[in-house]
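Chemist: Build the 3D model from these lines:
(2 chains)
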There are 2 protein chains.
Amino acid sequence: MGHIGKQTITFDNPPIITCAYASAGPKEVQGPLGEYFDNKLQDELLGEDSWEKAESKLIRQTVQGLLSKANKTPQDIKYLFAGDLQNQVIASTFGLLDFNIPFFGLYGACSTMGESMCLAAMTVAGGMADLVMAGTSSHYCAAEKQFRFPLEYGGQRTMTQQWTATASGFVLIGNSGTGPKIQAVTPGKMVDLGIKDTFNMGAAMAPAAIDTILTHLEDTNQKPSDFDAIVTGDLGNCGLDIAVDIANKLGTDLSGVINDCGKLIYDDAAEDTHCGGSGCGCSGSVFAGYFYSQLIKRNIKKLLLVPTGALMSPGSTQQGHTIPGVAHAVSIVID
Amino acid sequence: MGHIGKQTITFDNPPIITCAYASAGPKEVQGPLGEYFDNKLQDELLGEDSWEKAESKLIRQTVQGLLSKANKTPQDIKYLFAGDLQNQVIASTFGLLDFNIPFFGLYGACSTMGESMCLAAMTVAGGMADLVMAGTSSHYCAAEKQFRFPLEYGGQRTMTQQWTATASGFVLIGNSGTGPKIQAVTPGKMVDLGIKDTFNMGAAMAPAAIDTILTHLEDTNQKPSDFDAIVTGDLGNCGLDIAVDIANKLGTDLSGVINDCGKLIYDDAAEDTHCGGSGCGCSGSVFAGYFYSQLIKRNIKKLLLVPTGALMSPGSTQQGHTIPGVAHAVSIVID
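Modeler: Numbers count the residues shown, from 1 in each chain, chains lettered A, B, ... in the order given. Predicted coordinates:
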């Protein structure tokens, strides 16, 4: 295992992402990537009586779907790495409980897909498990209720605001089988540039995304053009522009290669989502749905996935705190 | 790396807990373990204007104290594994932000010390870092406000209730140096026996603690008497009795060897804490303060530390959910 650079781990035996499965809500299915989601939800409640329970069911369906697609049982999975946006990551608790898989609960805000994939890859590459699962979810209605306003309030959304995706993505990562390989990971530092506007999360997360991307490039001695795509998670349209600007000022041109899961998931004009998508389920489902299939088809052969999270709670905002960001990079290749 | 049994990892090159540091509030310092805490707080606010900010400062002091005690700088630490009880683990965010160490945010309720030590040990044992940090915190006033009632309300506490410790414990785990070694870890499954009483968390957590302990013993082909101490985190007095009963019914007598961080931290009669301590900071500080020093002095030479968490949120309770438990075991030895 190479201790390359200050933050990055490169794997001598790169773990394999052997299977991926994505679920998405009706609004996400209407978007440009709709066809790539394995499980297309008909509504946001999934037959439950609360948004919170609906998110747990969304997770349950996604994990069950992944196991079926890979022809595996829960007993085949040694550990599960997952988290969500609900307080005390409770959606994951009740979504994953019945599978009886040893569970690491994570909280990285919208960076959680990156965090879970980093830890899963490290566990497999370290020889500590043959097969593990990583994933995340978010639910628009549960997130609005918890972080902003109840939907019934009908609050006006600002133009910099993003739309929390109702979506979930899970992947299997193992030491045998076929599929794209995780070549290296760069777990990120928290970066705080003093943004306090909870309706402009993209601005809060952009510095962390760039910090992690530039660190990854430096640690691994690569340049942006070595990747077919560098894809942040959920910066949204405004945040992505800011990220490109920051990188430019630091002397790195990412403009030709960078994209963002939050920018890709909706048709903002037609779907009135303003600044794109967010929520851990956004990068989770866009990777497990769209990008995984692009890797399998060799349309993309080398991808740097960089899910990004805005670290805040309603309480921290009320107490005058800033919103630090965090981003974890996962370098994925296929021959 | 041995893939022993269904859940356990045994380390061929056991990572070393090279240093530990514990902070504790005034009530915890008055308890039987008071002398073992490195940082004895004078009050619960630490000069801040909110309980939440006080918890972040508690974390900051603990990490700074650990770095000083070990004569290390933040640049020496490759990754940081931590979490707390506040929504969106925000106490850890603002407590750890300024150290600029790549950060994995965790949520395992009061099992977080076990979760962070498992992941830290796996990272070092897998050859992915030379030195990492793991830890957790909790704050009585912040937890009461968030999970139960604001302190000003003066709510009557039930006799099965535990007292969330104002405390924090962090450890350094590395591949060189001296100190107790982490021989094996058993990350736990979520176990739900249907408890719904949020004022009786010990009962909710006991089945998970026993599930993890018995799995560890089975996976490693050991018996309880192979350990000098098996120490759960925060079952409290009632929960510990229930745990011993459950183990007995399953054919394993733990009565002579098991103890609990929540039972040890307070003098319940003198301090009116009812059923003992809880909160991630309880097992965090009792391990980093008391048990680490007992290992260094060879009063205990083999310890199974099993921090236990109750997986609930105020929202899940209001929506009628049960309270599953989770427990992660860390087997620690010193020659």
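Chemist: CA atoms for contacts and neighbours, from now on please.
Modeler: Fine.
Chemist: Buried residues in stretch A:265-282, which are they?
Modeler: Buried residues in stretch A:265-282, counted by 16 or more other CA atoms under 10 Å in any protein chain shown: A:265-268, A:273-282.
Chemist: contacting residues for the closest residue in space to A:Lys302 that isn't next to it in sequence?
Modeler: Nearest non-adjacent residue to A:Lys302, counting by CA to CA, 6 or more residues apart in numbering or on different chains: A:Val333, 4.4 Å away. Applying CA atoms under 8 Å, 6 or more residues apart in numbering or on different chains, we find A:Val333 in contact with A:Pro180, A:Lys181, A:Ile182, A:Gln183, A:Leu295, A:Lys301, A:Lys302, A:Leu303.
Chemist: mind checking how far the last one is from A:Leu97?
Modeler: I take that to be A:Leu303. Counting by CA to CA, to the nearest Å, the gap from A:Leu303 to A:Leu97 is 32 Å.
Chemist: Span of stretch A:317-332 from start to end?
Modeler: Taking CA to CA as the criterion, the two ends of stretch A:317-332 lie 35 Å apart.
Chemist: Stretch A:70-78 too?
Modeler: In stretch A:70-78, first residue to last residue: 15 Å (CA to CA).
Chemist: More neighbours: A:Leu303 and A:Leu97, which one.
Modeler: Using other CA atoms under 10 Å in any protein chain shown as the criterion, A:Leu303 and A:Leu97 rank with A:Leu303 on top: 25 against 19.
Chemist: so that one makes contact with A:Ile334?
Modeler: No. With contact defined as CA atoms under 8 Å, A:Leu303 does not reach A:Ile334; the gap is 9.1 Å.
Chemist: how about the residues of the stretch 151-300 of chain A near chain B?
Modeler: Residues of the stretch 151-300 of chain A lying near chain B by CA under 8 Å from any CA of the partner chain: A:Pro187, A:Gly188, A:Lys189, A:Met190, A:Val191.
Chemist: can you map out the helices along the stretch 201-335 of chain A?
Modeler: Along the stretch 201-335 of chain A, counting by DSSP state H, counting those that start in this stretch, helices occupy A:201-220, A:236-249, A:261-264, A:268-271, A:280-285, A:292-296, A:314-318.
Chemist: before we move on, what about the stretch 1-150 of chain A?
Modeler: With helices called from DSSP H, counting those that start in this stretch, the stretch 1-150 of chain A shows them at A:26-30, A:51-70, A:90-96, A:112-125, A:140-147.
Chemist: Need phi/psi at A:Asp49.
Modeler: Main-chain dihedrals, A:Asp49, degrees, to the nearest 10: phi -110, psi 10.
Chemist: For it, the count of nearby residues, please.
Modeler: Neighbours of A:Asp49 under the rule other CA under 10 Å: 10.
Chemist: which residues touch it?
Modeler: For A:Asp49, counting by CA under 8 Å, 6+ apart, there are no contacting residues.
Chemist: how near is it to B:Gly320?
Modeler: Distance from A:Asp49 to B:Gly320, counting by CA to CA: 11 Å.
Chemist: Repeat that for A:Phe147.
Modeler: With the distance defined as CA to CA, A:Phe147 ends up 22 Å from B:Gly320.
Chemist: Give me the number of neighbouring residues for the spatially closest residue to A:Ala24 that is not a sequence neighbour.
Modeler: In space, and not counting its chain neighbours, A:Ala24 is closest to A:Ala167: 4.2 Å by CA to CA, 6+ apart. Look at A:Ala167: counted by other CA under 10 Å, it has 35 neighbours.
Chemist: Would you mind confirming that A:Ala167 is in contact with A:His139?
Modeler: Yes. Counting by CA under 8 Å, A:His139 is a contact partner of A:Ala167 at 6.5 Å.
Chemist: what is in contact with the two at once?
Modeler: With contacts defined as CA under 8 Å, 6+ apart, the residues adjacent to both A:Ala167 and A:His139 are A:Gly281.
Chemist: ok, A:Gly174 - contacts?
Modeler: A:Gly174 sits next to A:Pro15, A:Ile16, A:Ile17, A:Thr18, A:Ala121, A:Val124, A:Ala129, A:Asp130, A:Leu131, A:Val132 when contact means CA under 8 Å, 6+ apart.
Chemist: tell me the contacts of the nearest residue to A:Ser168 once chain neighbours are set aside?
Modeler: Spatially, and ignoring its direct neighbours in sequence, A:Ser168 is nearest to A:Ser137 (4.0 Å; CA to CA, 6+ apart). For A:Ser137, the contacting residues are A:55, A:58-59, A:83-85, A:166-169, A:279-282, A:284, by CA under 8 Å, 6+ apart.
Chemist: from these, which is closest to B:Lys223?
Modeler: If you rank the contacts of A:Ser137 by distance to B:Lys223 using CA to CA, A:Gly83 comes first, at 34.1 Å.
Chemist: and the gap between the closest one and chain B?
Modeler: 8 Å (CA to the nearest CA, to the nearest Å).
Chemist: and what of A:Ile182?
Modeler: Distance from A:Ile182 to chain B, by CA to the nearest CA: 14 Å.
Chemist: Can I take it that that residue is in a helix?
Modeler: No. Assigned with DSSP: H, G, I helix; E, B strand; the rest coil, A:Ile182 falls outside any helix and is strand.
Chemist: what about it, neighbour count?
Modeler: A:Ile182 has 27 neighbours, counted by other CA under 10 Å.
Chemist: What of A:Gly256?
Modeler: Neighbours of A:Gly256 using other CA under 10 Å come to 12.
Chemist: and it, backbone torsions?
Modeler: Per-residue torsions, A:Gly256: phi -80, psi -20 (degrees, to the nearest 10).
Chemist: what sits against it?
Modeler: A:Gly256 makes no contacts at all, as judged by CA under 8 Å, 6+ apart.
Chemist: any idea how far chain B is from it?
Modeler: In this structure, A:Gly256 and chain B are 28 Å apart, going by CA to the nearest CA.
Chemist: And A:Ile4, what's its pLDDT?
Modeler: Confidence at A:Ile4, expressed as pLDDT, is 57.
Chemist: Same question for A:Asp245.
Modeler: Per-residue pLDDT puts A:Asp245 at 97.
Chemist: Name the spans of chain A whose pLDDT lies under the cut-off.
Modeler: Judged against pLDDT under 70, the low-scoring parts of chain A cover residues A:1-5.
Chemist: so how far is chain B from the residue located most distally from the centre of it?
Modeler: Largest separation from the mean C-alpha position in chain A: A:Tyr153, at 28.5 Å (CA atoms, centre = their mean). Remark: distance between A:Tyr153 and chain B (CA to the nearest CA) = 19 Å.
Chemist: With A:Glu152 instead?
Modeler: For A:Glu152 relative to chain B (CA to the nearest CA), the value is 18 Å.
Chemist: Am I right that that residue sits in a helix?
Modeler: Yes. Using three-state DSSP, the assignment for A:Glu152 is a helix.
Chemist: Number of residues surrounding it?
Modeler: For A:Glu152, using other CA under 10 Å, the count is 7.
Chemist: Now do the contacts for it.
Modeler: Under the criterion of CA under 8 Å, 6+ apart, the contact list for A:Glu152 is empty.
Chemist: give the contact list for whichever residue of the stretch 151-300 of chain A sits closest to chain B.
Modeler: Nearest to chain B in the stretch 151-300 of chain A, going by CA to the nearest CA, is A:Lys189, at a distance of 3.9 Å. With contact taken as CA under 8 Å, 6+ apart, A:Lys189 is in contact with A:Ala208, A:Asp211, A:Thr212, A:Val326, A:Ala327, B:Asn100, B:Ile101, B:Pro102, B:Phe103.
Chemist: Please consider this matter closed, and thank you.
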